[in-house]
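sequence and predicted structure below; questions after.
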Amino acid sequence: MISVGVAILIGLVIVGLPIWIALTFSAIFLMHISMGMPAVSVPLAMFGSIDSFVLLAVPFFLLAGNVMAYCGPAKYIYQLVDSYVGHMKGGMAFTTVVTCMIYAAITGSTTATLAGVSALATPPMERAGYSREFVAGLLAVSSTLGQMIPPSILMVLYGALAQQNAGVLFMAGIVPGTLIGLALGITGVLLSRKQQRELQPRQDWRERGHATLKAAPAIIMPIIVLGGIYGGVFTPTEAAAVACVYGVLVSLFVYREMTWHNFYRQAVRGAVSNSSMIFLLIAAALLFSSPLAFAQLPQQIAAWTVEAELTQLQLILIVVLLWLVMGMFLDTLPIMYLTLPVVLPALQAAEVNLIYMNVVLVITMQIAQVTPPFGLSLYVASGVLNVPITRVVGASFPFLLVLLVALAVLILVPEISLFLPDLLAR
Amino acid sequence: MHIDLQNSLKRLESFLFLLSGASLLSSVGLAFAAVVMRYGFSFSLEWVEEAARYLAILAALLVAGPVLRNNGHIALDLLPSALHGRRLAIHKLALGSLTLLVSTATCIWGYQLTAQTFRFGMRTGSLQFPQWLPYSILPLSMAILALFSLVIMIEAVQNFLKAGTRERDGEESNQIHPTDLDDTP
């Protein structure tokens, strides 16, 4: 019967039904019709799965990110980075990647980063001779860095599923995120040295100081979040609430750019829409996983991996391959919520470190966002920059290769991910 | 769709977003207040966490319908992007019907759960609030979702009829009427 339920789910997803509705439909079939569970177990399971203080961090971080992105603070980051490296040959590509890193850390959203940074970076880059499709390819990949650099919503969700502390997961993402950002920046510089016709004049230290001061209130936000969590001052959820209040205060009193339109229409409405999408997906996915748990499917898979005597690396490679294939067709959240309830017991049985696995998952999800035919970032970049999707795919390919190499390195060298959490645990 | 009905729907959508936004902001306010109370006044309120949780759930679920209408829920759009005209309308009608089915079932069962907790007089952990109140968020939001899926179905039927008229008009304009031949040189 489980296979019938899974077949119904796949069929409904393929015809284009919203994934949470397809999951709920299949779960109702399995629980109520096939297994004879009482009807009230459906709403009970759905409500129970989202009634969590840890998950509260998701809408809070979404709101904080939207406030920083739409109400002023984040846009000064480009000027800051540009003041330091914009004068170098290919430096504008580097500026764009580093801006994406910081912007993504502040907003936590791939789409907001892509839209925000493209508005700031595209006009000067085009004036300097960069092709629009190069900018689109660079932005499509760089904007995914927000998933690795804390505070990351994917990590909060993974932490809730894998019963891991979100603060520790955030720390695990810092070194890999920074290294990937640098690798993307250097690749951008190498690829664009011939494209940049005009060089910007080098800015003096007074101008750099001014740009730093202007961007400082925005850059402080992730520091407050991480410092607060690690200093034991507040929990990740409370840190997200503090980030919201900080964002509003800074936008109102420092940048003075907050209006009713950008606060309510863009930041708040955007945050509740995305929260609705995420919460319903979580509720439906965990509802779907209850008949699977009832049929002991995760335990059977875990037992199979032990019987098959798979090494940790073999198991990780199988899981990553599954994620990569799914990532060609699905968005990150459905992949996580469809696979993790089944895969986590197998990873635990093989004694895989779940903090390290968080980093492997996040980089794989970054890749999923830029893998054709359905990489979300590719479509957003195509739409925002008005470049045909096929050209964005071509232009993003060298940067996608960087992510694939980074994935291989992160799988083979767990110390890169675990270095900082281990250091702080000492 | 009738213009009055469209305006009413727009007003309902705006109201739901306003209520949802207010709930989210209240939830943020409560979580922030908990931090301020703890460090500023060495005082912690047990119920704040619970209230913040329920407010965030209300914020997220209340707008499920408007988000569906604005295509905000994640879906694989391989098939719909390949369809046009009447076929796309039929596809939307089918998906709308499935959504209506799921939301109605969840609404009814959610109502049953709410009624059961009301009968048993269950209360929440720290707020000591009647448990049926937070549980009622689910049937309420599913009822709103059912309404919006009904709207999507009506719009699909209208689009189907419009596409049919356009296709007929197109066929007629492509046909050479016998009287047209009189004017040919």
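Structure received.

how many neighbours does residue 26 have?
In the absence of a named chain, this looks at chain A. Number of residues near A:Ser26 (other CB atoms under 10 Å in any protein chain shown) recorded here: 24. Every C-beta, even on glycine, is put in place using the N, C-alpha and C of the backbone.

wait, I meant chain B there
So B:Ser26, with other CB under 10 Å, has 16 neighbours.

ok, it to B:Leu55 distance?
Remark: distance between B:Ser26 and B:Leu55 (CB to CB, to the nearest Å) = 5 Å.

excluding its backbone neighbours, what's nearest the residue most central in space within chain B?
Most central in chain B under CA atoms, centre = their mean is B:Gly65, positioned 0.5 Å from the mean C-alpha point. Using CB to CB, 6 or more residues apart in numbering or on different chains and skipping the chain neighbours, the partner closest in space to B:Gly65 is B:Phe148 (3.3 Å).

what is the neighbour count of A:Gly48?
So A:Gly48, with other CB under 10 Å, has 14 neighbours.

let me see the backbone angles for it.
When read as degrees, to the nearest 10, the backbone of A:Gly48 gives phi -60, psi -30.

distance of it from chain B?
From A:Gly48 across to chain B, the span is 10 Å (CB to the nearest CB, to the nearest Å).

go ahead and confirm the residue nearest to B:Gly65 touches B:Asn71.
No: look at B:Phe148 against B:Asn71 with CB atoms under 8 Å: they stay out of range, at 11.9 Å.

who has more neighbours out of these two?
Ranked by neighbour count (other CB under 10 Å), B:Phe148 and B:Asn71 place B:Phe148 first, with 25 against 11.

for the more buried one, what are its contacts?
Contacts for B:Phe148 (CB atoms under 8 Å, 6 or more residues apart in numbering or on different chains) come out as B:Gly65, B:Pro66, B:Leu68, B:Arg69.

buried residues in the helix or strand hosting it?
Using DSSP states H and E, B:Phe148 falls within helix B:137-174. Residues of helix B:137-174 classed as buried: B:137-146, B:148-153, B:155-156, B:159-160, B:163 (neighbour count, 16 or more other CB atoms under 10 Å in any protein chain shown).

how about residue 34, nearest residue that isn't a chain neighbour?
Defaulting to chain A. Once flanking residues are discounted, A:Ser34 sits nearest to A:Met1: 4.4 Å by CB to CB, 6+ apart.

sorry, should have said chain B
Leaving aside its sequence neighbours, B:Ala34 sits nearest to B:Val48 (CB to CB, 6+ apart; 4.5 Å).

quick one: which helix or strand includes that neighbour?
helix B:47-62.

which parts of the stretch 1-150 of chain A sit against chain B?
Residues of the stretch 1-150 of chain A found near chain B (CB under 8 Å from any CB of the partner chain) are A:12-21, A:24-25, A:28, A:39-40, A:42-44, A:46-47, A:50-53, A:55-56, A:59-60, A:63.

quick check: which ranges of chain A have low pLDDT?
Along chain A, segments meeting pLDDT under 70 span A:197.

centre-most residue in it?
By CA atoms, centre = their mean, chain A has its centre lying nearest to A:Gln147, at 2.6 Å.

before we move on, the earlier item: just the buried ones from the contacts of B:Phe148?
Restricting these to buried positions leaves B:Gly65, B:Pro66, B:Leu68, with burial counted as 16+ other CB under 10 Å.

which residues touch the first one?
If a contact means CB under 8 Å, 6+ apart, then B:Gly65 has B:Leu16, B:Ser141, B:Ile144, B:Leu145, B:Leu147, B:Phe148, B:Ser149 as its contacts.
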